[in-house]
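**Student:** requesting a structural model of the entry that follows:
(one chain, ligands or ions: 2)
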Amino acid sequence: MTVQTFIPSAVKAASENTVTQPTHTSDVSIKKLYIETQGCQMNEYDSHRMADLLGDSHGYVLTDNPNDADILLMNTCSIREKAQEKVFSGLGRWRKLKEQNPDLVIGVGGCVASQEGDNIQKRAPYVDMVFGPQTLHRLPQMLDQHQAQIEKPKKEKIKLVDISFPDIEKFDFLPEPRVEGFKAFVSIMEGCSKYCSFCVVPYTRGEEVSRPLDDVLAEIAGLAEKGVREISLLGQNVNGYRGETFEDEICTFPELLRLVAEIPGIGRLRYTTSHPLEFSDDLIQCYRDLPQMVSHLHLPVQSGSNDVLQAMKRNHTIDVYINKIAKLRKVRPDMHLSSDFIIGFPGETDEHFAETLQFIKDLDFDHSYSFVYSKRPGTPASDLPDSTPDQVKKDRLAQVQEVIKQSSIHKTDAMLGKVERVLIEKVSDKDPNVLVGTADNTRLVTFIGDATWIGRFAEIEITEIKTLNLVYGELLNLEPDVA
Ligand code: SAH
Ligand code: F3S
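**Tutor:** Ligands and ions are numbered 1, 2, ... in the order given. Got it, this is the predicted structure:
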């Protein structure tokens, strides 16, 4: 079979840039907004909300052409150095647009904004607004402030920088969530309190704050009524969810999953991302009890060596991870497991690395992400001595990626002859008699069917493996609409 670039929908490598896609056509009288999104699904989610906010408050519509825009927003990522470098090179290009159009408004949000604050404007004085992941809901007011002081002399202008963490306020100000066909993303918490020694997230997005339970449930019920059938719960550490209930009690993540599964219309549940430490027995039982939960889990482990895990402050051993996965596979033998790995962490020896390679083979992972360690200013690991040459790290990364690639090929090949539950999403662009859907493990599945079935789930027997991410099949059973 041929190998294609394969990006499971559960996570996206933080090195990618995406442009939030416009939903309107171009018209010169309409004010236009261009958003460049760097990084994770949380950022993608936030970008959609920025577009909704400025659409509702000021009538902006999205454009996919920065040359055409009245506002340019960059939603940045600082998880690795490479991502951070992109910010200033991207801003340099935008500077030229501003030279041609002095009315152009430029805003920088996301994790680099959170980390750098007004340093952004020191390096790039043509940036008008700086906002963090927790203050993006204040964008409309920031824009008004910017417009109000446009005519003022430079020294009278207030710097528009707001990178504070105003607790959970952001959730109260946000419009409708992000919907993609029959799928929707629902943010259930913000931030992370795990403080892994290499990671900037707790500093850029703040400590964990959970959305109140009733807000989350009401949002999902509303989505289900509009035809959404698959929900992805989003957060940096979703199994740390502690949502307040109406009775002032605390709802845990497994409890939340059970409640979401009761909402009529929700036929499939995913989430990203969770931490092994809080991957509790109760959560494992949800996989036994709730058929809506997909047989696909992205559970970052970062390394297969106990020494490295300890230095990373992951607070668990390899055995803890292995035992949890064994328990999970007992209740869900067909579980597809993916993970994140950091290669070349300070102090990682050849032996440590060999342990990681072996661990990946032993645990039979599906597609995973791997990154060379990137030193992040302000994190504890940035002070650790690191004598491993860059070339050694690169060679290790190449080895790990080859093992990962082989295991995902193996996982796709193993689908042949199996029956997959598929959410039918659309008619194929190439053939009106062919439908396209996604399996639990995020592979695309195509089969002959009727367009009226779109939005329903079906059991499909896989008859041919086409590429790493595309398989063909035949309908065995069409489920009644879950609504
Ligand atoms: N809460 C998420 C983490 C988000 S960061 C989780 O636990 O999955 C996504 C991934 O980026 C991490 O899992 C890690 O593999 C990688 N990463 C984070 N900091 C990094 C760093 N300093 N260098 C290289 N990779 C890093
Ligand atoms: Fe980062 Fe560790 Fe949290 S990787 S997002 S500090 S779980």
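**Student:** off-centre distance for stretch 318-326?
**Tutor:** 24 Å (C-alpha atoms, centre = their mean, to the nearest Å).
**Student:** one more: stretch 71-84?
**Tutor:** That offset, for stretch 71-84, works out to 14 Å (C-alpha atoms, centre = their mean).
**Student:** mind checking the end-to-end distance for it?
**Tutor:** 21 Å (C-alpha to C-alpha, to the nearest Å).
**Student:** also stretch 410-417?
**Tutor:** 14 Å.
**Student:** name the nearest residue to residue 441, ignoring sequence neighbours.
**Tutor:** With sequence-adjacent residues excluded and distances taken as C-beta to C-beta, 6 or more residues apart in numbering, residue 441 is closest to residue 336, at 4.1 Å. Glycine gets a C-beta too; all of them are placed from N, C-alpha and C.
**Student:** and that neighbour, how many neighbours does it have?
**Tutor:** 25 (other C-beta atoms under 10 Å).
**Student:** roughly how far apart are it and residue 271?
**Tutor:** 14 Å (C-beta to C-beta, to the nearest Å).
**Student:** where do the helices of the stretch 201-350 of the chain begin and end?
**Tutor:** 201-204, 213-225, 253-261, 281-289, 306-311, 318-331, 350-363 (DSSP state H, counting those that start in this stretch).
**Student:** those: which one's closest to ligand 2?
**Tutor:** Nearest to ligand 2, of all these, is helix 201-204, at 3.5 Å by C-beta to the nearest ligand atom.
**Student:** elements contacting the closest one?
**Tutor:** Counting contacts by 3 or more C-beta pairs under 8 Å, 6 or more residues apart in numbering; DSSP states H and E, helix 201-204 packs against helix 110-116.
**Student:** list the buried residues for the next helix or strand after the helix it packs on?
**Tutor:** As assigned by DSSP states H and E, the chain's next helix or strand after helix 110-116 is helix 119-123. Going by neighbour count (16 or more other C-beta atoms under 10 Å), the buried part of helix 119-123 is 120-121.
**Student:** looking at the next helix or strand after helix 119-123 now, give me its mean pLDDT.
**Tutor:** Remark: after helix 119-123, the chain's next helix or strand is strand 129-131, criterion DSSP H and E. Averaged over strand 129-131, pLDDT sits at 96.
**Student:** what does strand 129-131 contact?
**Tutor:** 105-109, 113, 116-118, 120-121, 138-139, 142-143, 146, 160-163 (C-beta atoms under 8 Å, 6 or more residues apart in numbering).
**Student:** pLDDT at residue 14, what is it?
**Tutor:** 38.
**Student:** oh, I was asking about residue 175
**Tutor:** 60.
**Student:** what's across from residue 183 in the sheet?
**Tutor:** residue 180, residue 230 (DSSP bridges).
**Student:** how about residue 196, what does it touch?
**Tutor:** Contacts of residue 196 (C-beta under 8 Å, 6+ apart): 302, 312-314.
**Student:** nearest residue to residue 189 other than its sequence neighbours?
**Tutor:** residue 235 (3.9 Å).
**Student:** show me what the longest helix along the chain is packed against.
**Tutor:** Assignment by DSSP state H gives helix 390-413 as the longest helix of the chain. When contacts are defined as 3+ C-beta pairs under 8 Å, 6+ apart, helix 390-413 sits against strand 340-343, helix 350-363, strand 369-372, strand 457-467.
**Student:** the first one vs ligand 1: in contact?
**Tutor:** What that stands for is strand 340-343. Yes: contact of strand 340-343 with ligand 1 (C-beta under 6 Å from any ligand atom) involves 340, 342.
**Student:** name all residues that make contact with the residue nearest to residue 441.
**Tutor:** Here residue 336 is in contact with 295-297, 366, 411, 440-441 (C-beta under 8 Å, 6+ apart).
**Student:** swap the cut-off to 10 Å and go again
**Tutor:** 8, 10, 294-298, 364-367, 408, 411, 414-415, 439-443 (C-beta atoms under 10 Å, 6 or more residues apart in numbering).
**Student:** same deal with residue 35?
**Tutor:** With C-beta under 10 Å, 6+ apart, residue 35 has these contacts: 18-22, 44, 46-48, 50-51, 54, 62-64, 66, 69, 71-75, 107, 109.
**Student:** close to ligand 2: what parts of the stretch 251-400 of the chain are there?
**Tutor:** residue 275.
**Student:** which residue would be the closest one in the stretch 251-400 of the chain to ligand 2?
**Tutor:** residue 275 (4.9 Å).
**Student:** pull the number of nearby residues for the spatially closest residue to that residue that is not a sequence neighbour.
**Tutor:** Excluding the flanking residues, the one nearest residue 275 by C-beta to C-beta, 6+ apart is residue 237, at 5.2 Å. A total of 21 residues lie near residue 237 under the criterion other C-beta under 10 Å.
**Student:** again with the one 3 residues further on
**Tutor:** The number of residues packed around residue 240, counting by other C-beta under 10 Å, is 21.
**Student:** residue 424 is in contact with residue 448, isn't it?
**Tutor:** No: taking contacts as C-beta atoms under 10 Å, residue 424 lies outside contact range of residue 448: 11.8 Å.
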